[in-house]
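Engineer: what follows is a protein structure lacking sequence information:
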């Protein structure tokens, strides 16, 4: 995404929604994290509808972060924060056993085999999620890429996560959609979905 001129000064002056990490957070609210939140359509609408849940969006693109914060400001959200960081450092940003739900929505599929290790569902990432999620915590995957989805199912088979639900034509009109999902649904493209439960070994 092309960086807009207003983004850098906007983020430099942002001291409410932009945080460096989610360590030492003791407010007692359930913690839901969207990794790669994009422009924040799903997470801000979710936070607006569930004020008793604390939502954190992790995103590496400054323009996306800035646009998500503007949406949070418009909604006057008190239960939402953003971390501007790459997901490869996620274990430094959250405490172990602190997250109730992780969302992986339309992550970069990195189709070339040499780049598969960058996938957010690759086993090295799954190991990190297992540490950060509570026992019984949920991890939800949505994608429009069938090859990525099939590979992802294989990655999870080698983990201790338990598969709860899966669909190759996911539809849920009662939940918010990401910008990508809304576009794919409008085009009639299938959404691939899987829900897993973390099981501490």
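Structural biologist: Structure's in. What do you need? This is a predicted model, so every value here is computed, not measured.
Engineer: count of neighbours near the residue nearest to residue 133 when sequence neighbours are not counted?
Structural biologist: In space, and not counting its chain neighbours, residue 133 is closest to residue 198: 4.1 Å by C-beta to C-beta, 6 or more residues apart in numbering. Every residue, glycine included, has its C-beta placed from N, CA and C. The local packing of residue 198 (other C-beta atoms under 10 Å) involves 25 other residues.
Engineer: just list the residues touching residue 198, thanks.
Structural biologist: 129, 130, 133, 134, 135, 136, 137, 138, 139, 160, 161 (C-beta atoms under 8 Å, 6 or more residues apart in numbering).
Engineer: just residue 131 next, same as before
Structural biologist: By C-beta under 8 Å, 6+ apart, residue 131 lies in contact with 91, 96, 97.
Engineer: what of residue 85?
Structural biologist: 58, 60, 93.
Engineer: now, among those residues, which is nearest to residue 82?
Structural biologist: residue 58 (7.9 Å; C-beta to C-beta).
Engineer: picking up where we left off before, can you tell me which of the contacts of residue 198 has the most neighbours?
Structural biologist: Counting by other C-beta under 10 Å, top hit in these: residue 133 with 27 neighbours.
Engineer: wouldn't that one be in contact with residue 95 here?
Structural biologist: No. Counting by C-beta atoms under 8 Å, residue 133 stays clear of residue 95, with 11.2 Å between them.
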